[in-house]
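Asker: What follows is a protein structure lacking sequence information:
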């Protein structure tokens, strides 16, 4: 036993008071004992135990104090992590920050520092680098830049899906070009115009080869890479995937459209598989669809009997033997996937003359610009190439030790619903984990729902970790949807009398960003939804304001001027050459290309 001094007694009294409060709180919050009598008895019991410690040794007193402190901490932790406390704390934080993310929120969730913390996860090769080398690496190697809020940049991880919504001429293309330039690995870019190619091709050529796939013949640019949709279709699984890519849209629903789309995919799969087995062409596939049923049936079924998948022969047999009305419905649904065969530019792009290997494209960090018009026929061919690259890349990623591509493949899908309606409702769920970054742009949610139906559009939006909404939208349902997604905030309202004196003050609930505010966002301003934090309103940077883009533009202009000067010099040299005159004829009288006296003018 050790004597109890004044200091020890004061400490014991403090611990006793803490014990009483802790016990009362524990009885009230944990055990639900609401009666004061029971709480008081429990507090007295604990207090008596504390007094009994006064006669104990110092070691016992310290241990008891530590236990009491741990019990108090446990009660506080439980109280703070309850649903009631969490919701109340969120509400207070939202009111304090006007419903938007604070600087601390951005720094914690979407800053450069936050992105580099998981660099070794999204880029496994970075694990071989020292910590200082990782922190000095450009953030664009592990994240996608969204916007700037004040002095902070807002980023989204390369394993997350980023969606853009905005009308024409709102700045989407300028933002898109910057992300294409910054893509750390290979990139597949789809666009309905040539401006993205003009802005980014020069800088992307420094990273790796660049190719153009132009089935629409936009701008007179020739296709420097070709793709035959029958590539790989000797494999039945590849044939089925290719049919899905060439006939995008809803599937498995109860609508009549979904039913006929499923039937058309089933038949197209069998025809693609047959053509690949016979080393035929897409022209033969079109011929089989348009030929008389009996003639095509014998040829197709004979080929498919050689396939290990006997079900395809049965599918073809059923299609050719069905009644005329059903066959016409399936054929009309399938024809958009074959309509590009009527375009010479599309046929040239689909010749397969310049075959490519996806693994080699990824290794050399290739950039492929896929130019497509707003044409349903061309969209089938664009989707076939995009789907081929994306699916094979996912298979390559699955064979890696870490299950992802490093550096990642970037799918920059501008006007995705119009020219490249790939199955985003499926891809957005798992492509990010395979090292495939998806950045897709749309004009509106209505456009997305028209392409992937309402359920598919909801899935795509739900899978997106970052959503950027540009201004100048005029669709009421879209504006209301995004405004509701921002949440609500409390706005103080002062009531005044006729003399302008304040008579009362109240608080009303308003949207964080109203529909009218969103519709009238200034140019290059965006509303950003980022997973893990409240929305922010930031400013996006256009690619043509970047220093590297301006420098490359000067280089391109000088190269173009050199080409023009060389052409003019060649023209002058040809004009000054004696061979340019009238060979073998009098220079003063041209020779008429007509018989003597035939149609000659009077007086000649």
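Answerer: All right, it came through fine. Just so we're clear, the structure is a prediction, and the values are computed from it rather than from any experiment.
Asker: what's the average pLDDT for the strand or helix carrying residue 345?
Answerer: Assigned by DSSP states H and E, residue 345 falls within helix 344-349. Averaged across helix 344-349, pLDDT comes to 90.
Asker: Spell out, range by range, the strands that occur in this structure.
Answerer: 143-149, 152-157, 162-165, 187-191, 210-213, 367-371, 409-413, 436-442, 466-470, 488-496, 502-511, 525-530, 536-539 (DSSP state E).
Asker: returning to that earlier point: how far out from the middle of the chain is the helix holding residue 345?
Answerer: On the basis of C-alpha atoms, centre = their mean, to the nearest Å, helix 344-349 sits 29 Å off its chain's mean C-alpha point.
Asker: Residue ranges of each domain in the chain, please.
Answerer: Domain assignment of the chain by automatic domain parsing yields the ranges 6-81, 105-154, 160-170+182-225+354-462, 236-342.
Asker: Now the terminal residues of stretch 398-417, how far apart.
Answerer: The straight-line separation of the ends of stretch 398-417 (C-alpha to C-alpha, to the nearest Å) is 28 Å.
Asker: buried ones in it?
Answerer: By neighbour count on 16 or more other C-beta atoms under 10 Å, the buried set for stretch 398-417 is 404-417. Any C-beta I mention is one placed from the backbone N, CA and C, and that applies to glycine too.
Asker: Repeat that for stretch 75-84.
Answerer: Within stretch 75-84, judged by 16+ other C-beta under 10 Å, the buried ones are residue 75.
Asker: What average pLDDT does that stretch get?
Answerer: Per-residue pLDDT over stretch 75-84 has a mean of 74.
Asker: Could you double-check that residue 234 lies in contact with residue 276?
Answerer: Yes: the pair residue 234 / residue 276 is scored as a contact, 4.3 Å apart, by C-beta atoms under 8 Å.
Asker: who's more crowded, those two?
Answerer: Legend: neighbour count by other C-beta atoms under 10 Å for residue 234 and residue 276, higher for residue 276 (24 against 17).
Asker: Ignoring the adjacent residues along the chain, who's closest to the more buried one?
Answerer: Excluding the flanking residues, the one nearest residue 276 by C-beta to C-beta, 6 or more residues apart in numbering is residue 233, at 3.7 Å.
Asker: ok, now which ones touch the one you found?
Answerer: With contact set as C-beta atoms under 8 Å, 6 or more residues apart in numbering, residue 233 has these partners: 239, 242, 272-273, 275-276.
Asker: try it again with 10 Å
Answerer: 239-243, 269, 271-277 (C-beta atoms under 10 Å, 6 or more residues apart in numbering).
Asker: go on, residue 359?
Answerer: 392-393, 395-396, 399.
Asker: can you tell me which helix in the chain is longest?
Answerer: helix 547-576 (DSSP state H).
Asker: And that helix, what's buried?
Answerer: By 16+ other C-beta under 10 Å, the buried positions in helix 547-576 come out as 549, 552.
Asker: with the contacts of residue 233 in mind, which one is nearest to residue 522?
Answerer: Residue 522 has its nearest neighbour among these in residue 241, at 43.7 Å by C-beta to C-beta.
Asker: ok, the closest residue to that closest one other than its chain neighbours to residue 266 distance?
Answerer: In this structure, residue 241 finds its nearest non-sequential neighbour in residue 391, 5.9 Å apart by C-beta to C-beta, 6+ apart. Distance of residue 391 to residue 266, given as C-beta to C-beta, to the nearest Å: 19 Å.
Asker: how far away is the residue nearest to residue 276 from residue 375?
Answerer: From residue 233 to residue 375 the distance is 23 Å (C-beta to C-beta).
Asker: Repeat that for residue 531.
Answerer: Taking C-beta to C-beta, one finds residue 531 at 35 Å from residue 375.
Asker: quick one: which of those two has more around it?
Answerer: residue 375 (20 against 13).
Asker: and the more buried one, what does it touch?
Answerer: So residue 375 contacts 192, 215-216, 336, 339-340, 343, 346, 381-382, 418-419 (C-beta under 10 Å, 6+ apart).
Asker: what's around the residue lying closest to residue 365 once chain neighbours are set aside, how many residues?
Answerer: Among residues not flanking residue 365 along the chain, residue 208 sits closest, at 3.4 Å (C-beta to C-beta, 6+ apart). Other residues lying near residue 208 total 16 when counted by other C-beta under 10 Å.
Asker: Pull the contacting residues for the closest residue to residue 155 other than its chain neighbours.
Answerer: Spatial nearest neighbour of residue 155, excluding adjacent residues (C-beta to C-beta, 6+ apart): residue 143 at 3.9 Å. By C-beta under 10 Å, 6+ apart, the contact set of residue 143 is 110-112, 114-116, 118-119, 122, 153-160, 182, 184, 437.
Asker: For PyMOL, what selects the buried ones among those residues?
Answerer: Buried members of those, defined by 16+ other C-beta under 10 Å, are picked up in PyMOL with:
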select buried, resi 110+111+112+114+115+116+119+122+153+154+155+156+157+158+159+160+182+184+437
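Asker: tell me the contacts of the residue most central in space within the chain?
Answerer: Most central in the chain under C-alpha atoms, centre = their mean is residue 439, positioned 2.7 Å from the mean C-alpha point. For residue 439, the contact set (C-beta under 10 Å, 6+ apart) comprises 144, 156, 158, 160-164, 175-176, 179-180, 183, 187, 189, 410-414, 416, 466, 468.
Asker: what does residue 349 give?
Answerer: So residue 349 contacts 212-217, 222-228, 340, 343, 370-371, 378, 381-382, 385 (C-beta under 10 Å, 6+ apart).
Asker: switch to 7 Å and redo it
Answerer: 213-215, 223, 226 (C-beta atoms under 7 Å, 6 or more residues apart in numbering).
Asker: Now do residue 233 against residue 438, distance only.
Answerer: 25 Å.
Asker: Name the residues that touch stretch 262-272?
Answerer: Taking C-beta under 7 Å, 6+ apart as the rule, stretch 262-272 contacts 230, 233, 239-240, 242-244, 246-247, 251, 285, 288, 300, 304, 312, 315-316, 319, 330, 333-334, 337.
Asker: So which of these belong to helices?
Answerer: Members of the contacts of stretch 262-272 lying in helices (criterion: DSSP H): 239-240, 242-244, 246, 285, 288, 300, 304, 312, 315-316, 319, 330, 333-334.
Asker: Make a markdown table from the contacts of residue 233 and add pLDDT and distance to residue 148 to it.
Answerer: Shown next, in a markdown table, are those (pLDDT from 0 to 100; distance: C-beta to C-beta, whole Å):
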| residue | pLDDT | distance to residue 148 |
| --- | --- | --- |
| 239 | 93 | 47 |
| 240 | 92 | 45 |
| 241 | 92 | 40 |
| 242 | 93 | 42 |
| 243 | 93 | 44 |
| 269 | 94 | 47 |
| 271 | 94 | 51 |
| 272 | 94 | 47 |
| 273 | 94 | 51 |
| 274 | 93 | 55 |
| 275 | 93 | 51 |
| 276 | 92 | 50 |
| 277 | 92 | 55 |
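Asker: between those, which is nearest residue 59?
Answerer: residue 241 (71.8 Å).
Asker: was I right about that closest one contacting residue 392?
Answerer: No: using C-beta atoms under 7 Å as the test, residue 241 is too far from residue 392 to be in contact (9.9 Å).
Asker: what residues are up against residue 111?
Answerer: So residue 111 contacts 152, 155 (C-beta under 7 Å, 6+ apart).
Asker: so what's residue 148 up against?
Answerer: 538-539.
Asker: Relative to residue 303, how far out is it?
Answerer: Counting by C-beta to C-beta, the gap from residue 148 to residue 303 is 59 Å.
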